[in-house]
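**Student:** Sequence unavailable; structure follows:
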Ligand SMILES: Nc1ncnc2c1ncn2[C@@H]1O[C@H](COP(=O)(O)OP(=O)(O)OP(=O)(O)O)[C@@H](O)[C@H]1O
């Protein structure tokens, strides 16, 4: 493996392409994506359904591999990495949050987070992780005793308790109403600010992009526009 290019740069992609082969049909989901993302940034991936957002996020997180092109994590090549390398990358470096929370119903909030902290090298405690997302008083509640927004915040606590370098969120508020969605985004914002975690959030919702440092607009598998916000709007001030 080569020497990392720069300590500040987390992801670097060049000419990233992803083609899904389904039967006779080839679907080109990414058409040559070039990007750079740095430590501590909050980046929004914005685009219509089918524009390639989840494909890109999954490749950044080592859940999938590109068909061609280069992808580096802190200088280390992820394209062409074998399954063991990708597993260790996902386990040590990446926290994922999806639209649905995937909590274990028979475990409390604390126990759901402890599943991850028990197998991590240098985790925070489940209690600290749950405090960070504003659930300090609900640690012993089961998922069925929590609202959708609270369950999503448990999922965020679970994702960040191992102190990942990167937090990847695929439509984290997709199943929530506006007010609840904002409490979830406040948790994401706090983690990004206080832990310095590079945070990438997928959304359909252009209003949400105002909380980001940078917004990448995807269309037909390409980044068609990139915008840097002069200031970040606090999540609690977002309106949609
Ligand atoms: N496993 C797969 N097999 C075949 N085609 C796929 C697969 N996953 C995604 N695609 C196709 O790749 C393209 C990009 O999909 P992707 O899910 O990345 O878009 P998206 O912007 O995240 O969409 P959405 O907002 O609806 O989740 C779409 O045309 C989609 O149908």
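**Tutor:** Received, thanks. What you see is a predicted model, and the numbers here were worked out from it, not measured in a lab.
**Student:** most centrally placed residue in the chain?
**Tutor:** Residue closest to the average C-alpha location in the chain (C-alpha atoms, centre = their mean): residue 168, at 0.8 Å.
**Student:** Low-confidence stretches in this structure?
**Tutor:** 1-7 (pLDDT under 70).
**Student:** for it, longest helix please?
**Tutor:** Assignment by DSSP state H gives helix 178-195 as the longest helix of the chain.
**Student:** quick one: buried residues of it?
**Tutor:** By neighbour count on 16 or more other C-beta atoms under 10 Å, the buried set for helix 178-195 is 180-192, 195. All C-beta atoms are positioned from the backbone trio N, CA, C, and that covers glycine.
**Student:** which helices and strands does it pack with?
**Tutor:** Judged by 3 or more C-beta pairs under 8 Å, 6 or more residues apart in numbering; DSSP states H and E, the packing partners of helix 178-195 are strand 42-47, helix 126-132, helix 148-160, strand 166-170, strand 198-203.
**Student:** can you list contacts of the last one?
**Tutor:** Just to be clear, that refers to strand 198-203. For strand 198-203, the surrounding residues in contact (C-beta atoms under 8 Å, 6 or more residues apart in numbering) are 10-11, 37-46, 53-54, 57, 60, 165-173, 188, 191-192, 208-209, 212.
**Student:** Direction included, what does it pair up with?
**Tutor:** strand 42-47 (parallel), strand 166-170 (parallel) (DSSP bridges).
**Student:** For residue 93, give its distance to residue 162.
**Tutor:** Residue 93 is 9 Å from residue 162, where distance means C-beta to C-beta, to the nearest Å.
**Student:** Nearest to the ligand among the buried residues of helix 178-195?
**Tutor:** In terms of C-beta to the nearest ligand atom, no member of the buried residues of helix 178-195 lies closer to the ligand than residue 181, at 15.9 Å.
**Student:** Now for that closest one: which residues touch it?
**Tutor:** 149, 173.
**Student:** the helices in this protein, which residues?
**Tutor:** In the chain, the helices defined using DSSP H lie at 53-60, 83-93, 109-117, 126-132, 148-160, 178-195.
**Student:** Quick one, which of the ones you listed gets closest to residue 18.
**Tutor:** The closest of those to residue 18 is helix 53-60. By C-beta to C-beta, the value is 5.3 Å.
**Student:** Remind me what that closest one packs against, helices and strands.
**Tutor:** The contact analysis (3+ C-beta pairs under 8 Å, 6+ apart) places helix 53-60 against strand 9-22, strand 25-38, strand 42-47, strand 166-170, strand 198-203.
**Student:** Which of the ones you listed has the highest mean neighbour count?
**Tutor:** Highest mean neighbour count of these: strand 198-203, a mean of 25 (counted as mean count of other C-beta atoms under 10 Å).
**Student:** tell me the angle that strand makes with strand 9-22.
**Tutor:** Counting by axes from the mean of the first three to the mean of the last three C-alpha atoms, to 10 degrees, strand 198-203 points 40 degrees away from the direction of strand 9-22.
**Student:** So which residues on this structure come close to the ligand?
**Tutor:** Contact residues, the chain versus the ligand (C-beta under 6 Å from any ligand atom): 20, 22, 27, 29, 47, 49, 50, 51, 52, 53, 54, 55.
**Student:** I'd like the distance between residue 132 and residue 143.
**Tutor:** From residue 132 to residue 143 the distance is 19 Å (C-beta to C-beta).
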